[in-house]
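J.: After the sequence you'll find the predicted model.
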Amino acid sequence: MDDLENIRKQMNEPDEEMRRQAVISLSRYPLGNSRELFFMAMGDVSWRVRKEAVNALLTVSLDDATLDGLIGLLASSDNAGLRNSAVEALERLESRGVPMLLEHLKDPDHDVRKFVADILGNIGDRSSIPALVESLRDPDANVSAAAAENLGKIGDSRAVAPLIEALGKNDVWFRYSVLGALAKIGDPVPFAVFTPLINDALLKRPVFECLGALGDREAVPVLLEGIQDPVRSVREAAVCALLRLRARLPAVYTREVDDLLPGFKGKPCVEQLIDSLNTAESQVKEAIVGLLALIGDERAALPLLEWCRDEQLRRMCLNGFRSMGERGMKALLSVFSGADHEEKAFIIHIWGEMSFGGAESYLGEAMLSSNFAVRRSAVLAAGKIGLVGLLDQIAQLLDDSDPDVREGAVGALVRLASTGREKVSAIARKLAASPSPDARRDAARLLAALGEPEPLALLVKDESAVVRRSAVTALAGLGVPECAGNLIMALVDEDPDVRIAAAAGLGDVPGVKDLQPLIFSLDDEDPWVRCAALKSLGKIGGEGVLDAIEALLEKADGVVLITALETLAGLGGDRALAMVRKGLVSGDEEVVKSAIDILSRSDSGWIGEYGDMLLRHPHWDVRCAMARAMAHLLGDGAAVPLRKALETEQDELVRGEIRDLLGRWS
């Protein structure tokens, strides 16, 4: 006892750290003797001491007297720190404190009853639902409202019917809490429940929130009317609710909503919603942007332009401009000249996405901009819109100082190749004769878009490997049989990247009958050439391909062997799958896993021969893969071998995998 008296004295010292150390030492004493001092520390002026007291108290086993005392501290209206410490301790006790808390839901002190309701809601123990439902009828308005709110926090369906019944109580604040709880629980509620409340100005916002979370098609007209409400907070709630409801409705009803929204064009509410974008919270802003996009009123063009900066909302904004059509595009024309570089780039991007031909003169001017982003946007948009009249300006940008602009110009010319064929062809031939390898590489792309194999064939012999690779890729992309000869020739190019492009491309050329060049490529010194040849042979197929792969399996390893197995999987058939089984005995665990994965897509005939061996494989990942394959192919028939494997398995990851698989049949 003398020690406790010393601790009591220490807890009255002015030094905060001395008091905190005193609290730490309290946990060494019986709770019956130290309880008062714990409670004293929980009301200390220092939050560090109070925190230490709660932490120390929760390290010991609490008896009923201590629990009752903690709940009694909730009545400490003159010491907020003490009361908050008691709340924290009771919430951290979680379900252990619930039985006694439930008893205090009938405490004579209404403040205690409210705090108990809040604590129960934060704990979330569903056994407290009946008592909280009973507290909906508490004579104190704060307590009944707290009961409703915390039933919403717990989120159990059993509370829905009592909450609906409680809406009959003629108390606005209480109804507000009940509606919020129903929205949080999220179970469907008949629309008729909300009908008597819709015209109550003070309840419109929570009613709309409920309709967004719980409503159905019947709620749409009410929310559409709410968008035009004179009160800003109500309008915003209606917008958020409508967008939320729209996301939940079946597609046919979503289209009904979308068909109704353009009817708001020209109405005052659009201007009001635009004004809200300046001050609303981010979640509300997103909903308003979404609604404005669906309405398609051109007055929203500039706000939507601003929100195009947000990548998450950009697609939605573009849909809004589609709804506006020509009017929206003209609205952007009116501000283009005064816009900064970033805004101009976005406007141009929108014009391109909308295929707005009226922007042609503006795009021609933008290609001369000092800002590379504007030039790039302009040239890309010209290609998307199909502005053949700007071909000369586009061609000039092939020499731009910025690589992204140059790339954009090539992309635009590729798009315009069919409609501006003569001029694009002239540009391509000029590039093909350029001393610059980059220009000749771009020529290959343009010639491919034009479908001109003869000049492309000349570029296959170019001195630059980069140009040769581009030409080979372009020829393969044409997909015409007469290109095969040039691709076969490129299989022996000195540059491995060219050989890879040729080997990969031959698989896309129809009518290739001579497989020998590709089979020779299976001996290429570069493994990626061998992989490309394998994939092309797999596309072509035939017994000759299987013969070649069978010969390769004897000497292949690593990525080539894995590619060979995947090629065999694509070819299918008994012979191919028999070859895949050879991968199960590879010394490379990645090859083994690949073989297991492929065979898992077929029948289970291989498991009897290889299953036990692979469940004892040296590599843990292979053992996991085999366990999964057995469960997939054998169903509950895998239980016996997996239980046997579990008896000897030492790796915890594999043991966990096997236990999870066995759990399917327990």
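T.: Looks like it arrived, so ask away.
J.: low-scoring stretches of this structure, by residue?
T.: Along the chain, the parts satisfying pLDDT under 70 run over 1-2, 666.
J.: what residue is smack in the middle of it?
T.: The residue lying closest to the centre of the chain (CA atoms, centre = their mean) is Gln312, at 11.0 Å.
J.: what's near enough to touch that one?
T.: Glu286 (CB atoms under 8 Å, 6 or more residues apart in numbering). Placement of C-beta: from N, CA and C, glycine included.
J.: I'd like the numbering to begin with 804 instead of 1 from here.
T.: Yes, from this point I'll number from 804; that puts the last item at Gln1115.
J.: distance of it from Gln1196?
T.: Using CB to CB, to the nearest Å, we find Gln1115 at a distance of 34 Å from Gln1196.
J.: thinking again about what came up before, just checking, which helix or strand succeeds whichever strand or helix holds the residue nearest to the centre of the chain along the chain?
T.: Secondary structure assignment for Gln1115, by DSSP states H and E: helix 1114-1127. Downstream of helix 1114-1127, the next assigned helix or strand under DSSP H and E is helix 1129-1139.
J.: residue contacts, the residue nearest to Ala1176 when sequence neighbours are not counted?
T.: Taking CB to CB, 6 or more residues apart in numbering, and ignoring the residues beside it in sequence, Ala1176 has Ala1148 as its nearest neighbour in space, at 4.6 Å. Going by CB under 8 Å, 6+ apart, Ala1148 touches Asn1174, Ala1176, Val1177, Arg1179, Ser1180.
J.: same thing but at 7 Å, please
T.: Ala1148 is in contact with Ala1176, Val1177, Ser1180, counting by CB atoms under 7 Å, 6 or more residues apart in numbering.
J.: Distance check, the first one against Ser1204.
T.: In other words, Ala1176. For Ala1176 relative to Ser1204 (CB to CB), the value is 13 Å.
J.: Those two: which is more packed in?
T.: Taking other CB atoms under 10 Å, Ala1176 and Ser1204 do not tie; Ala1176 has more neighbours (18 against 8).
J.: Wait, that one touches His1144, no?
T.: Yes: contact status for Ala1176 versus His1144: in contact at 6.3 Å, counting by CB atoms under 7 Å.
J.: How many neighbouring residues does the closest residue in space to Ser960 that isn't next to it in sequence have?
T.: Excluding its sequence neighbours, the residue lying closest to Ser960 (CB to CB, 6+ apart) is Asp990, at 5.2 Å. Around Asp990 there are 15 other residues, counting by other CB under 10 Å.
J.: Quick check on Asp990: phi, psi?
T.: The phi/psi pair for Asp990 (degrees, to the nearest 10) reads phi -80, psi 150.
J.: And Leu876, by the same measure?
T.: According to degrees, to the nearest 10, Leu876 has phi -70, psi -20.
J.: what number of residues lie near it?
T.: Counted with other CB under 10 Å, Leu876 comes out at 21.
J.: And the one 5 residues further on, by the same measure?
T.: Counted by other CB under 10 Å, the residues lying close to Asp881 total 8.
J.: ok, now how distant is it from Ala844?
T.: Using CB to CB, Asp881 is found at 17 Å from Ala844.
J.: Please, which helix or strand holds the residue nearest to Ala1176?
T.: Going by DSSP H and E, Ala1148 is part of helix 1144-1156.
J.: What are the buried residues along that helix?
T.: Glu1146, Lys1147, Ala1148, Phe1149, Ile1150, Ile1151, His1152, Ile1153, Trp1154, Gly1155, Glu1156 (16 or more other CB atoms under 10 Å).
J.: what about the helices in the stretch 1104-1253 of the chain?
T.: Along the stretch 1104-1253 of the chain, the stretches classed as helices by DSSP state H, counting those that start in this stretch are 1104-1110, 1114-1127, 1129-1139, 1144-1156, 1163-1169, 1175-1188, 1194-1199, 1206-1218, 1224-1235, 1240-1253.
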